[in-house]
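Colleague: predicted model and sequence below, questions to follow.
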Amino acid sequence: MILRDTPPSSPQMEDEIDEDEMVYIGDADEVLEVFENDDEDSENEEGKDSPVKDEAVCVFSKHEGSVFCGSLNKDGTLAATGGEDDKAFVWEVDSGQIVLECMGHSDSVTFVEFSQDSTYLATGDMGGLIKVWKMSNKLLVWEYSIGDMTWMRWHSVANVLFGGAASGEIYMWKIPSGECKIFQSYGQRVEQAVLMPDGKRIAVGYDDGYLRLFDLKSGTLSTTIAPDFGHTSTVTALDADNNLLISGAMDGKTIFSTSGSGKIIGVLQELKDANIATEVESSTNVEAHDTAKPMGNWVETIAFCKNSEYQVAATGTVNGQIFIWDTSKQVLRHAIDQDSGISKLVWCQNTSIFYTSGLDGVIRSFDAKLGKQLGSLMGHSADILDLCISRDGTKILSTSDDSTARIFKIIVPSSR
């Protein structure tokens, strides 16, 4: 802006000036201060956000920084959380009272999980240090370091723990003995893994798009799905149901394949292309839905419905889209847009109800049969990073960038 001299006032203006209305130099500072205070008050009022309605029944705020992960024990009475502060805690879901502080990590704790029978709790940090705690006496019973770690999982029926390394190895340990088996590295980061329902194989997704299945007993490779036919970039989400796999990757593809032969049944969609790769089933009365969001959209979370009589899977994308897939026909049942990106999607027991965690701090519930949102749970003021539902379907644990973990109570929906 160019500053210019102020032009002189007209003689007429000088004649009209009332001396009683003049502000003398000695009073100017006071007047200016009044105006400045008024402006600040106005700005503060405009800048104030409406307080977030908090529907949580328990708020755990002992972490400093982001809370990355959470897990609920078998009966839903205890929660475990890990965070940016290099700490993991076990606490009561009703009171928030700490029952165990898991000491000894020197990097962000990004994985916490109770074993299937809740006998043990495993905690893992970004540096690859894994610790296992026995819950009956709250003592450390085993630890191991694998270097940079990408994921950690318990076996579904045995006290066997799995871990994936950025260097490509997959580890399997018997707990608490620590007996170890290492599966071959293929020179790429192992990004995702899911135990097959038979408990005898594990499916793994890699940074280069490969999907591989390993036999747990022999430790050998049993099935390979190569980028020539499948994903061509980092696998971001993976789930299994019987002998079926559904996977998503940063190439925008959602792929349905068999775990036995590695045959691709269908490419359900390609989010970076102009049109969906399959037609919406007309009988569902779903309007044609353009799945081509801006470049960079991909599936971040995938889960099969746990009800064997309702054969669907749901996928959620980083741009906030939800797709409900009929897995028997490989067609789209419903497409839903929510107001923010999705970090995780979990089904509630064996119903058609599922929940999503939003990057806007909101948990939303949906009915997959109706293809519509049922409600929402408020309380977080930043991105929700993890979501866990208790086995009886009455509680939700969420963790967030707002430095808190929260417990929400939900009404158990009738089986649909």
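Modeller: That came through fine. Numbers count the residues shown, from 1 in each chain.
Colleague: just give me how far stretch 371-390 sits from the chain centre.
Modeller: Relative to the chain's own centre, stretch 371-390 is displaced by 10 Å; criterion: Cα atoms, centre = their mean, to the nearest Å.
Colleague: pull out the buried positions in that stretch.
Modeller: For stretch 371-390, a neighbour-count test (16 or more other Cβ atoms under 10 Å) marks 371, 376-377, 379-381, 383-390 as buried. In short, each C-beta sits where N, CA and C put it, glycine included.
Colleague: how far out from the middle of the chain is stretch 400-407?
Modeller: With Cα atoms, centre = their mean, you get 12 Å for stretch 400-407.
Colleague: what about it, average pLDDT?
Modeller: Averaging pLDDT along stretch 400-407 yields 98.
Colleague: circling back: what's the farthest-apart pair in the buried residues of stretch 371-390?
Modeller: Using Cβ to Cβ, the buried residues of stretch 371-390 span at most 29.4 Å, a distance reached by Gly371 and Ser381.
Colleague: if we can go back for a sec, mind putting the buried residues of stretch 371-390 into JSON lines with pLDDT, secondary structure and distance to Ala165?
Modeller: Converted to JSON lines, those look like this (pLDDT from 0 to 100; DSSP: H, G, I helix; E, B strand; the rest coil; distance: Cβ to Cβ, whole Å):
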{"residue": "Gly371", "pLDDT": "95", "secondary structure": "coil", "distance to Ala165": "40"}
{"residue": "Ser376", "pLDDT": "94", "secondary structure": "strand", "distance to Ala165": "38"}
{"residue": "Leu377", "pLDDT": "96", "secondary structure": "strand", "distance to Ala165": "36"}
{"residue": "Gly379", "pLDDT": "96", "secondary structure": "coil", "distance to Ala165": "35"}
{"residue": "His380", "pLDDT": "97", "secondary structure": "coil", "distance to Ala165": "31"}
{"residue": "Ser381", "pLDDT": "95", "secondary structure": "coil", "distance to Ala165": "34"}
{"residue": "Asp383", "pLDDT": "96", "secondary structure": "coil", "distance to Ala165": "26"}
{"residue": "Ile384", "pLDDT": "97", "secondary structure": "strand", "distance to Ala165": "27"}
{"residue": "Leu385", "pLDDT": "97", "secondary structure": "strand", "distance to Ala165": "22"}
{"residue": "Asp386", "pLDDT": "97", "secondary structure": "strand", "distance to Ala165": "21"}
{"residue": "Leu387", "pLDDT": "97", "secondary structure": "strand", "distance to Ala165": "25"}
{"residue": "Cys388", "pLDDT": "97", "secondary structure": "strand", "distance to Ala165": "24"}
{"residue": "Ile389", "pLDDT": "96", "secondary structure": "strand", "distance to Ala165": "29"}
{"residue": "Ser390", "pLDDT": "96", "secondary structure": "coil", "distance to Ala165": "31"}
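Colleague: Leu195: which of these is nearest?
Modeller: Nearest to Leu195 among these is Cys388, at 17.0 Å by Cβ to Cβ.
Colleague: surely that closest one meets Ile396?
Modeller: Yes - with contacts defined as Cβ atoms under 8 Å, Cys388 counts as touching Ile396 at a distance of 7.1 Å.
Colleague: all helices for the stretch 101-250 of the chain, in order.
Modeller: Shown for the stretch 101-250 of the chain, no helices are assigned by DSSP state H, counting those that start in this stretch.
Colleague: the strands in it, which residues?
Modeller: 109-114, 120-125, 129-134, 139-145, 149-154, 160-165, 170-174, 180-183, 190-195, 201-206, 211-215, 221-225, 235-241, 244-249 (DSSP state E, counting those that start in this stretch).
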